[in-house]
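Asker: show me how the following folds:
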Amino acid sequence: MQSIQQQIESKARIEQIPFETILKENEYYLKQVQNAVRNNIGASLPFSSEIANHIMVSDKIPTRALVLLKSASLFDKPDQAVFDIGSTLELLNTASTLHQHIKTPENSRRLHKHNKNIWGNEVSVLLGDYLLSISFQILTRLGNLDVLECISLATQNISHGQVLEISEPPHSATIKHWRRVILGKFAGLFGAGAQSAAYWGGADNLTASILFSFGEHVGMAVKLKTDLNELGKKKFVKQKIKNYELWSPICFLLHECLPDNQRLEISKKIQNEADDPETVNEILNLIKEHDLTDMVKSEAEKELKLAKECLLNLEIDTRPLLPLTQFSVI
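Answerer: Here you go, the predicted structure:
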């Protein structure tokens with residue numbers, strides 16, 4: 001007779017669930033997270049409707065919320081507390097985005113075009129701080145100290161990641177540096193969601209810790225897949241170069257593909273001539289020449305494999321989470 005984990009491992013090898021099916025199965029719970037975002041922001045704050053709408057449409061694939069909801073389902077049926085936790089993750093992610101882009105207000109916030117003229121540096125900082133305060137008010141109201149500590153640490157790691165990001169110029173940043181930044185700024189919220197779900201469900205610290213690692217790996221894969229999608233769009237690649245952004249394909253290109261002399265030459269051009277169309281075209285040609293698509297996708301799949309291994313280390317039936325280790329789903 002197979003053990004639970006043997007059954008999980010067998011199922012992981014043979015079952016590929018379409019994303020549309022997963023989305024439909026979780027439609028009700030995802031809607032509750034969206035409602036919690038709107039309710040917790042409230043209507044009295046200027047720009048509140050814009051913030052809520054941005055959060056609703058910014059993630060076409062709501063993997064962060066799915067990690068939380070599916071992790072919670074391992075223990076019990078998700079309730080309002082879980083939806084409120086989900087809303088804090090979205091608010092914290094938006095606050096991070098607001099703070100991150102204050103240096104370029106004309107491109108800030110990744111919001112709709114009609115908002116660009118009203119979201120300047122000062123407003124962005126204040127709104128980001130306000131969302132942070134709302135998040136911790138929500139968590140305090142929930143009264144679960146483990147969840148509060150978990151998300152507090154994730155918030156601290158976001159700030160740490162942002163400091164790391166500006167500590168190293170993008171033209172010299174290695175993929176190792178990129179990973180450290182993204183773990184703090186982005187993937188940690190996925191981990192915090194899974195770990196918070198474990199604490200909500202009354203799980204022990206080991207289970208919570210393993211689920212945190214699972215969420216982190218999924219978050220890293222999500223970011224890599226986002227970078228992969230951008231890699232296929234010329235305008236996005238140009239934007240990354242011209243805006244001097246830390247971006248995994250550039251890190252891979254410079255430090256995994258080019259010989260030292262060429263790497264130093266291209267790094268210098270990125271540093272000093274990022275606005276030069278010839279520099280941009282040269283980098284575009286190098287990206288095409290070295291076919292970074294396979295490299296970035298392979299890295300994402302490695303993260304998903306590690307995420308699956310985390311699930312196989314748990315003594316509970318983790319089959320509800322296995323679909324989130326599929327590249328086609330995240």
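
Asker: only C-alpha atoms for contact and neighbour calcs from this point on.
Answerer: Fine.

Asker: can you pull the pLDDT of the residue nearest to Gln162 when sequence neighbours are not counted?
Answerer: Taking C-alpha to C-alpha, 6 or more residues apart in numbering, and ignoring the residues beside it in sequence, Gln162 has Lys185 as its nearest neighbour in space, at 6.5 Å. Looking at Lys185, its pLDDT reads 94.

Asker: Lys185: neighbouring residues, count only.
Answerer: Here the count is done by other C-alpha atoms under 10 Å, and Lys185 has 26 residues near it.

Asker: and the gap between it and Glu27?
Answerer: 27 Å (C-alpha to C-alpha, to the nearest Å).

Asker: so who does Lys268 touch?
Answerer: By C-alpha atoms under 8 Å, 6 or more residues apart in numbering, the contact list for Lys268 reads His171.

Asker: what about it, which helix or strand?
Answerer: With secondary structure defined by DSSP states H and E, Lys268 is part of helix 260-273.

Asker: and the next helix or strand after that helix, how far from the chain's centre?
Answerer: Towards the C-terminus, the helix or strand next in line after helix 260-273, according to DSSP H and E, is helix 277-290. Averaging C-alpha positions (C-alpha atoms, centre = their mean, to the nearest Å) puts helix 277-290 27 Å from its chain's average.

Asker: name the helices or strands packed onto helix 277-290?
Answerer: Of the remaining helices and strands, those touching helix 277-290 by 3 or more C-alpha pairs under 8 Å, 6 or more residues apart in numbering; DSSP states H and E are helix 234-242, helix 260-273.

Asker: got the angle between the longest one and helix 277-290?
Answerer: If you take axes from the mean of the first three to the mean of the last three C-alpha atoms, to 10 degrees, helix 260-273 sits at 140 degrees to helix 277-290.

Asker: and Ala307, which of the three is it?
Answerer: Put simply, Ala307 is helix when judged by DSSP: H, G, I helix; E, B strand; the rest coil.

Asker: need the nearest residue in space to it, chain neighbours excluded.
Answerer: Using C-alpha to C-alpha, 6+ apart and skipping the chain neighbours, the partner closest in space to Ala307 is Phe214 (4.5 Å).

Asker: show me the helices in the stretch 51-200 of the chain, by range?
Answerer: Defined through DSSP state H, counting those that start in this stretch, the helices belonging to the stretch 51-200 of the chain, from first to last, are 63-72, 80-100, 121-142, 145-167, 175-182, 188-200.

Asker: least reliable of the ones you listed by average pLDDT, please.
Answerer: When the helices of the stretch 51-200 of the chain are compared on mean pLDDT, helix 121-142 scores lowest, with a mean of 84.

Asker: any idea how far that one is from the chain center?
Answerer: Helix 121-142 sits 19 Å away from the centroid of its parent chain (C-alpha atoms, centre = their mean).

Asker: do the same with stretch 159-173
Answerer: When distances are taken as C-alpha atoms, centre = their mean, stretch 159-173 is centred 17 Å away from the chain's centroid.

Asker: quick one: buried residues of that stretch?
Answerer: For stretch 159-173, the buried set under the neighbour-count rule, 16 or more other C-alpha atoms under 10 Å, comprises 159-162, 164-165, 170-173.

Asker: one more: stretch 213-228?
Answerer: Residues of stretch 213-228 classed as buried by neighbour count (16+ other C-alpha under 10 Å): 213-225, 227-228.

Asker: Ala192 contacts Ile151, doesn't it?
Answerer: Yes - using C-alpha atoms under 8 Å, Ala192 and Ile151 qualify as a contacting pair, with a distance of 5.9 Å.

Asker: looking at those two, which one has more neighbours?
Answerer: When Ala192 and Ile151 are compared for neighbours, Ala192 comes out ahead with 31 against 26, by other C-alpha under 10 Å.

Asker: ok, now how distant is the more buried one from His171?
Answerer: According to C-alpha to C-alpha, Ala192 stands 31 Å off from His171.

Asker: quick check: Leu127 touching Ala95?
Answerer: Yes - counting by C-alpha under 8 Å, Leu127 does reach Ala95; the two are 7.3 Å apart.

Asker: look up how far Leu139 lies from Glu303.
Answerer: Distance from Glu303 to Leu139, counting by C-alpha to C-alpha: 29 Å.
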